[in-house]
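Novice: only geometry, no sequence info:
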């Protein structure tokens, strides 16, 4: 079997990997490359494989840097199966039309045709099949697929692909984006077992997150300071997961009277739509959130919250006196309604912009976070005079210690081939013997992060760790 890296190698976004079994071809992820634009120009290049010959696409989760080019693959001839969890399929169906709208806007500005059309979105969704966690799917030729909970966003999964070679069972795992537990309402990341190969993300491969126990305290302090100053708290937020986590924690802070009751706006039609998908899949919540939901507490709602779906409602936010909180997309300030609020309030010293997610290199959010005092929004030069804050504890990605723990957990079990307890998780054998983790491929990170993580894996875990480049092929 051959593994080729066509995206996500040497960069955080654009994940795209090909497993070629000869008479069976599987794509894992088909994401947008993102940076200074929502959809970078390289997305328009032809795929370096024939989409019509792909049998299956496996998706770890519904973020656009993992699924955003699936409609292009359909446009270029793909007609196979698309597999992901049920929640991933539902979230993808909700998010792709919004992505298409942003792509069309950029294409119009740049004077070319969009990456794909609505008919391609509809076609891709029609080919999608939602799976339950741990459901084993036989795709033929002795190859099977199983999904495990990654704990990153609702429905996110670690993809396990099994095949037989010389009468031996082989396994490769694709981490997708591993979660950063504990989260307010999701279950923890599952530990893998019996891996021969691992493809693991490294967005935070060289960093350690802030203590999660402090993040709610920091959020409380930022809100209180903004209220005291009489300003506006702008929170560029990803419509998926970050917004829902914020609503959950704001609900708790208000219920416990830890912050003043001020107007809070979720100015994102997509986030509103996705929150409804979250409510539909409350079976995936952890015990605490499931208990609150079952007891009648609307965990995504509280007094003072307004959901602004229409453009007219969004404009009316300006008429609401300060102080107020505005949560709007996109999470890296690469488009969406947050840009209108940033144009209005970035020059205001009384206001604050708060980043709660990863800001990819080249994005407007990254430039503001790194201290640029002047930025361009809608063709205008905007001065940044407001306070700039960030809370790393809200990251949905595992940091370096968590990534290493996940890999070490697999290795400790693989060497002993017996039940063991690791990080309070019991890992049980499944009858397989003589498995040994042979290689770990480090992807979805900036070069320094990936190389740092690879070095520690080699030195501390004694496993071969490779940072592939785009186009690299490996015989497994």
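Specialist: That came through, no problem. Note that the structure is predicted; figures quoted are calculated from it, not measured. Numbering: from 1, shown residues only.
Novice: from here on, contacts and neighbour counts on C-alpha atoms
Specialist: Will do.
Novice: gap between residue 217 and residue 452?
Specialist: Counting by Cα to Cα, to the nearest Å, the gap from residue 217 to residue 452 is 31 Å.
Novice: Compare those two and say which one has the larger neighbour count.
Specialist: Remark: of residue 217 and residue 452, residue 452 carries more neighbours, 16 against 13, as counted by other Cα atoms under 10 Å.
Novice: Give me the contacts around stretch 155-167.
Specialist: Contact with stretch 155-167 is made by 58-62, 84-88, 133, 142-151, 169-178, 284, as judged by Cα atoms under 8 Å, 6 or more residues apart in numbering.
Novice: How about stretch 451-468?
Specialist: So stretch 451-468 is contacted by 5, 9-10, 202, 205-206, 400, 404, 408, 437-443, 450 (Cα under 8 Å, 6+ apart).
Novice: Among the residues you listed, name the buried ones.
Specialist: 5, 9-10, 202, 205-206, 400, 404, 408, 437, 439-443, 450 (16 or more other Cα atoms under 10 Å).
Novice: just those now: which is nearest residue 373?
Specialist: residue 206 (27.0 Å; Cα to Cα).
Novice: The residue lying closest to that closest one once chain neighbours are set aside is in what secondary structure piece?
Specialist: Nearest residue to residue 206 in three dimensions, chain neighbours excluded: residue 449, at 4.6 Å (Cα to Cα, 6 or more residues apart in numbering). Here residue 449, judged by DSSP states H and E, is contained in helix 447-456.
Novice: Let me see the ranges of the helices in the stretch 1-150 of the chain.
Specialist: 64-67, 70-75, 86-110, 118-126 (DSSP state H, counting those that start in this stretch).
Novice: coming back round to it: my guess is the residue nearest to residue 206 meets residue 208, correct?
Specialist: No. Using Cα atoms under 8 Å as the test, residue 449 is too far from residue 208 to be in contact (11.3 Å).
Novice: count of neighbours near residue 102?
Specialist: A count of neighbours around residue 102, defined by other Cα under 10 Å, yields 19.
Novice: same question, the one 5 residues further on
Specialist: Summarising burial for residue 107: neighbours were counted as other Cα under 10 Å, giving 16.
Novice: what number of residues lie near the residue nearest to it when sequence neighbours are not counted?
Specialist: Nearest non-adjacent residue to residue 107, counting by Cα to Cα, 6+ apart: residue 114, 5.2 Å away. Neighbours of residue 114 under the rule other Cα under 10 Å: 18.
Novice: and residue 114, what does it touch?
Specialist: Applying Cα under 8 Å, 6+ apart, the residues near residue 114 are 103-104, 106-108.
Novice: Take those and lay them out in a markdown table including distance to residue 232 and pLDDT.
Specialist: Listed next are those as a markdown table, based on distance: Cα to Cα, whole Å; pLDDT from 0 to 100:
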| residue | distance to residue 232 | pLDDT |
| --- | --- | --- |
| 103 | 29 | 92 |
| 104 | 31 | 93 |
| 106 | 29 | 88 |
| 107 | 32 | 92 |
| 108 | 32 | 92 |
